[in-house]
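In: Quick one: sequence and predicted model below, then my questions.
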Amino acid sequence: MANQNESIYHSWLRINKAKMGNIIDLMKHDANACEILFYLIDIMDKSNQREITSAELTQITGKSRQTIYRGTKTLKQKHFIAVVNHGGANRYIVNDSIVWQTNNHKYYSSSAFEIFRKDRKLEHIQRPYTKLHQIRHGR
C-alpha cells in the first residue's frame, strides 16, 4: 500500500486520444510492431527513452531478430519511435506526442525528439505524428 505522501498516480501514462486510431491501425496490421511499442512504453524512462540491445529485445519479447528488426523499422517509419545508435545498444525514443508519463499533473518527457533534432541526428523528425494524422483524416 502506498504511504500517505505517495500519489497513486506515480507510475501513470497518458496517451493522446487523437493518436488512438493510429495505434489501433498498428495493432490490426502489425501486431509484432505493436507489441514492441508497448514493451518500449513499459520500460521507457521519464524522458520517453530506453537504451537496449536487439539481443535483449529478442530475449525479452521471445521474437526473432528479424521480427524485432521489421517491427522497429515499421515503428520508425510510422513515427511511433526514433532510434539512435549508441555504442553496442540502440536508444529507443517513444514519440512524446503519442504517450508520456505524468505525476501530479506534471508532464514528464525531456522531449528527446527536440534534443536529437538539435544534434541533427534526427532532424527529419518534427512532431512526426501529425503527418500520419493528416493522411488518416484526408488532409
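Out: In hand now; what should we look at?
In: CA atoms for contacts and neighbours, from now on please.
Out: Fine.
In: among the helices and strands of this structure, which has the poorest mean pLDDT?
Out: helix 129-136 (a mean of 42; mean pLDDT, DSSP states H and E).
In: Helix, strand or coil: sort out Arg14 for me.
Out: The three-state assignment at Arg14 reads strand, by DSSP: H, G, I helix; E, B strand; the rest coil.
In: Which pLDDT value goes with it?
Out: Per-residue pLDDT puts Arg14 at 85.
In: Can you list the helices and strands that the host helix or strand of Glu35 packs against?
Out: Element membership for Glu35 (DSSP states H and E) is helix 31-43. Identification of packing neighbours for helix 31-43 by 3 or more C-alpha pairs under 8 Å, 6 or more residues apart in numbering; DSSP states H and E yields helix 20-29, strand 49-52, helix 65-77, strand 89-94.
In: Pull the number of nearby residues for Gly71.
Out: Under the neighbour criterion other C-alpha atoms under 10 Å, Gly71 is assigned a count of 21.
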